[in-house]
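In: give me the fold of what follows.
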Amino acid sequence: MLSPEVLKKLDAIEQRFEELTHQLSDPAVASSGERFRKVSKERASVEATVNALRAWRKLTQDIADNEALLAEKDADLREMAKEELAQLRPMLEPAEEQLKLFLVPKDPADEKDVILEIRAGAGGDEAGLFAAELLRAYLRFAERRGWKVEIADTSAGALGGIKDATVNIAGDAVYSWLKYESGVHRVQRVPATEAQGRIHTSTVTVAVMPEAEDIDVQVSPADVEMDVFRSTGAGGQSVNTTDSAVRLTHKPTGIVVKCQQEKSQLKNRNMAWRMLRAKLYEMELERQRSARDAARKSQVGTGDRSEKIRTYNFPQDRLTDHRINYTRHNLPAVMDGDVQDVIDACRTFYAAQALRDASRPDAGAPLEKRS
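Out: As a prediction, the model looks like this:
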């Protein structure tokens with residue numbers, strides 16, 4: 001059953017939804033592009049919650065109506081009510097759990113675009129090959145969702161693999177979908193170069209950082225050292241002929257980023273600054289997460305990217321996410337970007353975890369006062 005406190009919050013969300021709907025029909029709002037977009041965005045953010053609330057209300061009313069029919073003298077009506085209730089009652093608890101999940105506080109970074117980094121880890125050439133395949137899987141997933149992708153930097157490896165790659169992905173709430181991909185991805189398979197048919201284990205590290213805006217991270221130009229150099233890549237008139245590639249070093253933290261994908265030094269410089277701000281923003285988010293974890297365990301795993309989060313076992317055609325104990329098969333489809341179910345499973349698991357955490361009696365207390 002939903003508690004009175006939960007229902008009160010849901011009713012307030014519905015009331016706000018109605019207010020926003022009314023505002024959209026206001027000529028003063030409609031004539032202001034910025035205001036109209038702001039109201040539309042806020043309304044869209046609560047629409048799913050309101051729809052779920054109304055569906056729950058209808059479900060509970062249908063159950064009540066059929067329970068009332070159980071007292072009827074007509075045997076056919078009673079039998080019909082029993083059949084209806086057998087279908088309706090199992091739907092109630094999932095509907096209520098879904099409503100509770102809508103009340104979980106949102107990560108303020110969820111709406112942001114991301115910078116995705118993929119690096120080959122242990123395993124030599126095989127790690128580089130899998131890094132290239134994993135990059136393609138994410139690019140295909142982004143394509144399926146209609147996101148915009150910009151490859152900021154890549155370093156080629158042997159046999160068609162990559163040493164590392166940095167990609168900017170823009171779209172609708174990209175970070176909310178990809179944030180649980182950060183970590184070590186392990187692959188187990190027989191490499192194409194393995195003559196003995198032995199299974200090798202390799203690793204690839206994935207980092208997903210919300211792209212920071214100027215208002216999120218203030219970086220003093222005096223703290224950043226910029227170097228320009230000639231691009232090293234596959235072809236192009238500007239490769240090895242002009243100093244178009246850019247490297248930025250943030251002296252206080254030692255963070256280094258580089259971009260060499262564009263022929264224009266200006267474009268590479270702008271993209272490198274975006275990458276640097278994202279890294280600094282992620283560093284601050286990580287600091288805040290560590291502070292929260294010192295008080296309570298609410299992070300994905302330990303928040304440490306060095307921990308193994310997922311295994312791709314090709315001989316057994318199996319993907320396993322170790323954090324949530326989730327398994328699926330058909331790895332060829334996974335490597336073609338069919339990872340929606342895996343991401344959905346992670347989002348559901350951690351939303352439920354956040355809900356349990358938010359339901360603690362001391363959830364609203366300052367961190368330093370929580371046990």
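In: C-alpha from now on. contacts and neighbour counts both.
Out: Fine.
In: and Ile255, what does it touch?
Out: 249, 276, 279 (Cα atoms under 8 Å, 6 or more residues apart in numbering).
In: how about the second one: what's its closest non-neighbour residue?
Out: In this structure, Leu276 finds its nearest non-sequential neighbour in Val257, 6.3 Å apart by Cα to Cα, 6 or more residues apart in numbering.
In: the one you found: neighbour count?
Out: Neighbourhood size, Val257 [other Cα atoms under 10 Å]: 20.
In: do the one 10 residues further on as well
Out: With neighbours defined by other Cα under 10 Å, the count for Lys267 comes to 17.
In: do you know how far it is from Val167?
Out: 15 Å (Cα to Cα, to the nearest Å).
In: please apply the same query to Glu18.
Out: 39 Å.
In: more crowded one of these two?
Out: A direct count of neighbours by other Cα under 10 Å for Glu18 and Val167 places Val167 higher, at 21 against 14.
In: now do the SS call for the more buried one.
Out: Classification of Val167 by DSSP: H, G, I helix; E, B strand; the rest coil places it in strand.
In: pLDDT value on the residue nearest to it when sequence neighbours are not counted, please?
Out: The spatially closest residue to Val167, leaving aside those adjacent along the chain, is Ile151, at 4.4 Å (Cα to Cα, 6+ apart). Ile151 carries a pLDDT value of 89.
In: for Ile151, which three-state class applies?
Out: strand.
In: Thr348 sits in which helix or strand?
Out: Counting by DSSP states H and E, the element that carries Thr348 is helix 340-358.
In: tell me if I'm right that Ala81 and Leu70 touch.
Out: Yes - if you go by Cα atoms under 8 Å, Ala81 and Leu70 touch, sitting 6.4 Å apart.
In: out of the contacts of Ile255, which is most surrounded?
Out: Leu276 (24 neighbours).
In: related to what we said a few turns ago, who's in contact with the residue nearest to Val167?
Out: Ile151 touches 165-168, 261, counting by Cα under 8 Å, 6+ apart.
In: tally of neighbours for Ala109?
Out: 19.
In: how about Ser3?
Out: Neighbour number of Ser3 under other Cα under 10 Å is 7.
In: could you pull out the strands for the stretch 251-371 of the chain?
Out: Assigned by DSSP state E, counting those that start in this stretch, the stretch 251-371 of the chain shows strands spanning 255-259, 308-313, 318-321, 326-329.
In: which other residues reach the second one?
Out: Outside strand 308-313, the residues that touch it by Cα under 8 Å, 6+ apart are 183-189, 318-323, 331.
In: now do the buried residues in the helix or strand harbouring Ile63.
Out: Assigned by DSSP H and E, Ile63 belongs to helix 33-69. Within helix 33-69, the residues scored as buried using 16 or more other Cα atoms under 10 Å are 36, 39, 43, 47, 49-50, 52-53, 56, 59-60, 62-63, 66-67, 69.
In: between Ala81 and Leu70, which one's more packed in?
Out: Counted by other Cα under 10 Å, Ala81 and Leu70 do not tie: Ala81 has more neighbours, with 21 against 16.
In: got the angle between the strand or helix carrying the more buried one and helix 340-358?
Out: Using DSSP H and E, Ala81 maps to helix 75-102. Helix 75-102 runs at 80 degrees relative to helix 340-358, counting by axes from the mean of the first three to the mean of the last three Cα atoms, to 10 degrees.
In: for helix 75-102, buried residues please.
Out: Buried-residue list, helix 75-102, by 16+ other Cα under 10 Å: 78, 81-82, 85, 95, 98-102.
In: report the rounded mean pLDDT for it.
Out: On average, helix 75-102 scores 91.
In: also stretch 24-41?
Out: Averaging pLDDT residue by residue across stretch 24-41 gives 88.
In: C-alpha coordinates for it, CSV please?
Out: Provided in CSV are the C-alpha atoms of stretch 24-41 (Å, rounded to 0.1, in the frame of the first residue of the first chain):
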residue,chain,number,x,y,z
LEU,A,24,1.4,26.0,-22.1
SER,A,25,-2.0,27.3,-23.3
ASP,A,26,-1.2,30.8,-22.0
PRO,A,27,-0.4,33.2,-25.0
ALA,A,28,2.3,34.9,-22.9
VAL,A,29,4.1,31.6,-22.4
ALA,A,30,3.6,30.4,-26.0
SER,A,31,5.1,33.7,-27.3
SER,A,32,8.3,33.3,-25.3
GLY,A,33,10.4,30.6,-26.8
GLU,A,34,12.7,30.2,-23.8
ARG,A,35,9.8,30.2,-21.3
PHE,A,36,7.8,27.8,-23.4
ARG,A,37,10.7,25.4,-23.7
LYS,A,38,11.3,25.5,-19.9
VAL,A,39,7.6,24.8,-19.1
SER,A,40,7.5,22.0,-21.7
LYS,A,41,10.6,20.4,-20.3
